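Asker: structure, please.
(one chain, ligands or ions: 2)
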Amino acid sequence: MVGIVLLVLAAFLILIAAGVTRLGRSIYRSAKRLALDAAVPRATIANPEGIDRVHARAARAGRRVNAAGRHALLAFGVALMVLPWVGIVALAGLVLSLFDSFSHDSFSKGRVLRVRNRAQLPEVASGRTWHHDAELVFDAPPPAAERAVVGELWLLSARMEHASIAAFSQLSIHLLALGAPARLVAETQRAAMDEVVHARACFSLASALLGEPKTAGPIAALATADAAAGGAPDLVRLALGSLVDGCLAEGLAADVAAAGAAAAADSTLRKTLAMIAKDEARHAELGWSVLAWCIAEGGEPVRARVAERTARLERELTPRLPDLAGTDVAVLRRYGVIDQDALGGLAAARIAATQVRARALLADDVRLAA
Ligand SMILES: [Fe+2]
Ligand SMILES: [Fe+2]
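Answerer: Residues are numbered from 1 along each chain as shown. Ligands and ions are numbered 1, 2, ... in the order given. Okay, the predicted model is just below:
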């Protein structure tokens, strides 16, 4: 729907730009003609049928202007011809960059599942199909007043962990399609299995906190063959995805889980978050391995795109927690959830660290190639 509205808007803008360009061209041509008229020297010999008649005609038409006026008209005509198109290109760039930013506006808990550049999550269903087999026990029963809010947050985490399974499955397909070595494919499959464990742990915790069994439903956006495959594989796309969704997003997921583990009051929450932090850090390392392989395989075209994306990595938006107005930060921390300010600090530090390491990787690659 948004795509159709944008297409109609783009067609409308192009029609307006074409009209303004026509007007500019006609002003420019008129100004050129005025220049020719004024360049005819005044006749000194009376010749009613010759040059004097030309001047008489120009004077009758009222088109005689001075040089500054002609130049201003010429410039105005050229500006009308060029500026609408410059405006359209600038507007298109702005819209694209906004789309780019919006696509990252989600609370990161690991590798992001994208379909047509939008982050996707499973629907929430009722049941225990994604629960741990073992009974979950808290050190002490959490107070009812706190359980609803933090339960919803853990449910959101569970859906993100679940979506990461599909993200790693797509990564496996792309690696196989591009002829990647066994160690990368094996690590990717292992990462997908880690996410199964994370998702089950998080759905179990969320359900225990909410007091009702919540589980994963379908991921509707994956229902077509093209979406399920994650688009056409290519080295540049794989490299950029590894940089943003692997090195950065999974690195940040490890930081967030480690901070949550340090803050959580309950031993079950602490153990779950510590396990997730350790795995996510390994997933981030897998991201770096895939990135290095893409650069080695693809050479300069991949290297140049990675360098360009690294330079604007700070434009990635800090992941946003759901609106928790009125919720005490100390309560969130007891349940292993860090607040928005702390999340912003971790994201900024992780972006900076990712840029440093990516630049070192690119420099090493150049030295090896030389
Ligand atoms: Fe992960
Ligand atoms: Fe995970």
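
Asker: which residues are in contact with the residue of the chain found nearest ligand 1?
Answerer: Per Cβ to the ion, Gly110 is where the chain lies closest to ligand 1, at 3.2 Å. Yep, even glycine has a C-beta here, placed from its N, CA and C like the rest. By Cβ atoms under 8 Å, 6 or more residues apart in numbering, the contact list for Gly110 reads 160-161, 164, 167, 195, 198, 249-250, 253, 280, 283.

Asker: what's the weakest-modelled helix or strand in this protein?
Answerer: helix 51-61 (a mean of 51; mean pLDDT, DSSP states H and E).

Asker: mind putting the contacts of Gly110 in TSV, secondary structure included?
Answerer: As requested, those are exported to TSV (DSSP: H, G, I helix; E, B strand; the rest coil):
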residue	secondary structure
Met160	helix
Glu161	helix
Ser164	helix
Ala167	helix
Glu195	helix
His198	helix
Ala249	helix
Glu250	helix
Ala253	helix
Glu280	helix
His283	helix
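
Asker: show me where the protein dips below the pLDDT cut-off.
Answerer: Applying pLDDT under 70 to the chain flags residues 1-9, 34-65, 90-108, 317, 324-326, 365-370.

Asker: quick check: residues of it near ligand 2?
Answerer: 110, 161, 195, 198 (Cβ under 5 Å from the ion).

Asker: quick one: the strands in the stretch 151-300 of the chain?
Answerer: All strands of the stretch 151-300 of the chain, identified by DSSP state E, counting those that start in this stretch, fall at 214-216.

Asker: where along it do the helices fall?
Answerer: For the stretch 151-300 of the chain, the helices defined by DSSP state H, counting those that start in this stretch occupy 182-210, 225-229, 235-241, 249-263, 267-298, 300-311.

Asker: need these in a markdown table (columns: mean neighbour count).
Answerer: Listed next are the helices of the stretch 151-300 of the chain as a markdown table, based on neighbours: other Cβ atoms under 10 Å:
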| stretch | mean neighbour count |
| --- | --- |
| helix 182-210 | 20 |
| helix 225-229 | 13 |
| helix 235-241 | 20 |
| helix 249-263 | 24 |
| helix 267-298 | 20 |
| helix 300-311 | 16 |
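
Asker: turn these into JSON lines, columns for distance to Gly217.
Answerer: Listed next are the helices of the stretch 151-300 of the chain as JSON lines, based on distance: least, Cβ to Cβ, whole Å:
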{"stretch": "helix 182-210", "distance to Gly217": "11"}
{"stretch": "helix 225-229", "distance to Gly217": "16"}
{"stretch": "helix 235-241", "distance to Gly217": "26"}
{"stretch": "helix 249-263", "distance to Gly217": "23"}
{"stretch": "helix 267-298", "distance to Gly217": "22"}
{"stretch": "helix 300-311", "distance to Gly217": "34"}
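
Asker: tell me which of those helices lies nearest to Ala216.
Answerer: Ala216 sits nearest to helix 182-210 of all those, at 6.8 Å, using Cβ to Cβ.
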